[in-house]
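**Student:** just a sequence and a predicted model for now, questions to come.
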Amino acid sequence: MFLDFMNEVQSLLYEAAKVCGWDQIPTNGFGMLEISPHADLASSIAFRLAPQLSKSPQSIAKDLCDAIEIPAGSMVDRVEQAGPYLNFFMSNSSLASILWEAQGGDCWKGRLSQRVIVEHTSANPNGPLHVGHIRNSVIGDTLARVLRRAGCTVETQYYVNDMGRQIAIVVWGCDHYPLEEIKADHAIAKVYIEANRAITERPELVSEINRQIQLYEAGDPQALGKVKVAVDHAISGIEDTLHRLNIRHDSYHWESEYARSGEMAKLIEQLEGTGLTGWEDGSLQLDLSADGFEKNMVLMRGDGTSLYISRDLAYHRWKSERCDRMVDVLGADHKLISAQLKAALDLLGIPAPEVVIFEFVSLPTGSMSTRRGKFITADELLDEVEKQAYMEVSTRRPEESEEFRREVAREVALGAVRYDVVKVSPEKATTFDWKAALDFEKLSAPFIQYSHARACSILRKADLPEQFDPSLLTGEAEVALIKKIAQFDLIVDKAARELKPHQLATYARELAEAFNGFYRYSPVIEAPSGLREARLALVNAARNALRVTLDTLGIPALESM
């Protein structure tokens, strides 16, 4: 669809540059083409060529415009110069083809063919997910869906921290305090909080914790068994929460795999061979000052136990051998450690991951801390949003059954949380406001879901036509909706390449707005014969586009609300 149009525009520009005698134009046109309010696509290539050609951008744009020859049958209708820009417009025949193609249930096929591993969530198994974790999970899962939609083969992984001090404290706590018969991850959190309180009151217990770390890393069978039981218990509860968010991981990988396999030790030995390591302050450290780091990277403690980042090096080498592209979703507090990881991987000649750093999502109630036991869990947030969604649905649809209202409330709440989290660019901090997230009238997930439900409602009232005349759809709102539908493959491709899932969230809102604009000004069922069939086809195309967009965002596409 739109990618085809973009490719044709790119080819026209490239051929025109050759006619002008310029070979400086990039062969990849995506970086110089963008959707514009003034055209279907606008090119700013003249700005890029100006320094090389020693000509003004406006002069370059005119020369290119004059040199462009649009062949018969092209998706491009015309090109116009607007100062230093070139504006391209789609042909009517292209719009008709797009509308016919969009009658299929899922006609948007991606063109990337990479193998990608996306690691996300990977929360420590010492308690339930809290509101801060949700952004990691939603961004990671949405990225995986976007990449799959773009044509990639994707595996999502959860990297389980089953080593280190926090897990040793959990295991010690499970030895000394009973696990309550509540949701598994919440039970682990209570034990963890009690254990931390005991250690604070009795500092001599630290030696027991250290001993637990040493035994586990050495492969002591009893220690291994205790850790597995505790971690599996916590992960089972975390999984339940993720499933409520429509998130599932393809595989789980434990840190201990890479410590006990010998892979981590091999990498540390290779780093020692660089001459950049040394023992300082009782630990083995890697000097990364040449890369601009003020602090060394600690690889191993004086007692011989490893650190998270050392095990992470081995995990990333393992991943790099099994994919074309590694994606890590990490919080802003991991900026330093992720940068050090990249630098160390570079020293080893191992491809570095693409890291999506996100700022944290917060609530008006303030900060959260698992260690102190003062936090708002993801379960509590989902319960509250679902309760509020149920009240809203009951007000709007009091005649419906209890089962209907509960089910719709659950899926509206899921959509509200996911969309509100992902609609903001990852590098920007955000505050979750459930009132705004559940607003059916404003630009939220319920608004987009309702647009899909409205399209379904229209189509329940009339049979889809086998034949229709797209040329009858000439209204501004009709044409705008067709073009917005066509843009889906471009938005997905761009979001996948740039790892920016908020771009798809923005598109979803714009698509729903375009559909509602069409619905407001273009009667469908009551339209005259001929136009009625064409508009029904457009409603069907919009329904398909909305469904596929919502699915790629991990949000249920409701048929009735």
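**Tutor:** Arrived safely, thanks for sending.

**Student:** what about the strands in this protein?
**Tutor:** Here the chain has its strands, by DSSP state E, at 33-36, 39-43, 76-82, 85-90, 115-119, 153-160, 251-254, 277-280, 283-286, 297-301, 325-331, 354-358, 361-362, 430-431.

**Student:** what's the burial count for residue 81?
**Tutor:** If you count neighbours by other Cβ atoms under 10 Å, residue 81 ends up with 17. Where C-beta positions appear, they are placed from N, C-alpha and C, glycine not excepted.

**Student:** okay, now the closest residue to residue 135 other than its chain neighbours: neighbour count?
**Tutor:** Of all residues not flanking residue 135 in the chain, residue 361 sits nearest, at 4.5 Å (Cβ to Cβ, 6 or more residues apart in numbering). When neighbours are counted by other Cβ under 10 Å, residue 361 registers 21.

**Student:** what residues are up against residue 361?
**Tutor:** Residues near residue 361 by Cβ atoms under 8 Å, 6 or more residues apart in numbering: 131, 132, 134, 135, 421, 429, 430, 431, 432.

**Student:** pLDDT score for the nearest residue to residue 266 once chain neighbours are set aside?
**Tutor:** Among residues not flanking residue 266 along the chain, residue 314 sits closest, at 7.9 Å (Cβ to Cβ, 6+ apart). We note a pLDDT of 97 for residue 314 in this prediction.

**Student:** is it correct that residue 314 is in contact with residue 260?
**Tutor:** No: Residue 314 is beyond contact range of residue 260, at 10.5 Å (criterion: Cβ atoms under 8 Å).

**Student:** follow-up on the earlier one: the residue nearest to residue 135 pairs with what?
**Tutor:** residue 430 (DSSP bridges).

**Student:** measure it to residue 142 for me?
**Tutor:** 14 Å (Cβ to Cβ, to the nearest Å).

**Student:** do the same with residue 261
**Tutor:** 32 Å.

**Student:** of the two, who's got more company?
**Tutor:** Each of residue 261 and residue 142 has its neighbours counted (other Cβ under 10 Å); residue 142 has more, 27 against 12.

**Student:** who touches the nearest residue to residue 338 once chain neighbours are set aside in this structure?
**Tutor:** Spatially, and ignoring its direct neighbours in sequence, residue 338 is nearest to residue 355 (4.9 Å; Cβ to Cβ, 6+ apart). Listed by Cβ under 8 Å, 6+ apart, the contact partners of residue 355 are 327, 328, 329, 330, 338, 342.

**Student:** buried residues in stretch 431-442?
**Tutor:** By neighbour count on 16 or more other Cβ atoms under 10 Å, the buried set for stretch 431-442 is 432, 434, 437, 438, 439, 440.

**Student:** need the distance between the two termini of it.
**Tutor:** 17 Å (Cα to Cα, to the nearest Å).

**Student:** ok, stretch 91-108 next?
**Tutor:** 20 Å.

**Student:** show me where the stretch 151-300 of the chain has helices.
**Tutor:** 165-176, 184-201, 206-218, 221-244, 255-260, 263-272 (DSSP state H, counting those that start in this stretch).

**Student:** can you redo those helices as CSV with mean neighbour count?
**Tutor:** Formatted as CSV, those follow (neighbours: other Cβ atoms under 10 Å):
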stretch, mean neighbour count
helix 165-176, 21
helix 184-201, 19
helix 206-218, 16
helix 221-244, 18
helix 255-260, 21
helix 263-272, 17
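
**Student:** most remote residue from this structure's center?
**Tutor:** Here the centre of the chain is the reference, and by Cα atoms, centre = their mean the most remote residue is residue 204, at 44.5 Å.

**Student:** domain ranges for this protein?
**Tutor:** According to automatic domain parsing, the chain is divided into the following domains: 2-90, 121-362, 378-552.

**Student:** which stretch among the ones you listed comes nearest residue 108?
**Tutor:** Among the domains of the chain, the nearest to residue 108 by Cβ to Cβ is domain 378-552 (5.0 Å).

**Student:** what is the neighbour count of residue 403?
**Tutor:** When neighbours are counted by other Cβ under 10 Å, residue 403 comes out with 8.

**Student:** model confidence for it, exactly?
**Tutor:** So residue 403 comes in at 96 (pLDDT).

**Student:** and the one 4 residues further on, by the same measure?
**Tutor:** Each residue has a pLDDT score; the one for residue 407 is 97.

**Student:** also residue 173?
**Tutor:** The pLDDT attached to residue 173 in the predicted structure is 96.

**Student:** that one: what's it in contact with?
**Tutor:** Contacts of residue 173 by Cβ under 8 Å, 6+ apart are 191, 192, 194, 195, 198.

**Student:** relative to residue 242, which of those residues is nearest.
**Tutor:** Nearest to residue 242 among those, with distances taken as Cβ to Cβ, is residue 192, at 19.6 Å.

**Student:** the closest one against residue 126, yeah?
**Tutor:** Yes: checked against Cβ under 8 Å, the pair residue 192 and residue 126 is within contact range at 4.7 Å.

**Student:** and of the domains of the chain, who's closest to residue 102?
**Tutor:** domain 378-552 (3.6 Å).

**Student:** how much space between residue 341 and residue 504?
**Tutor:** For residue 341 relative to residue 504 (Cβ to Cβ), the value is 28 Å.
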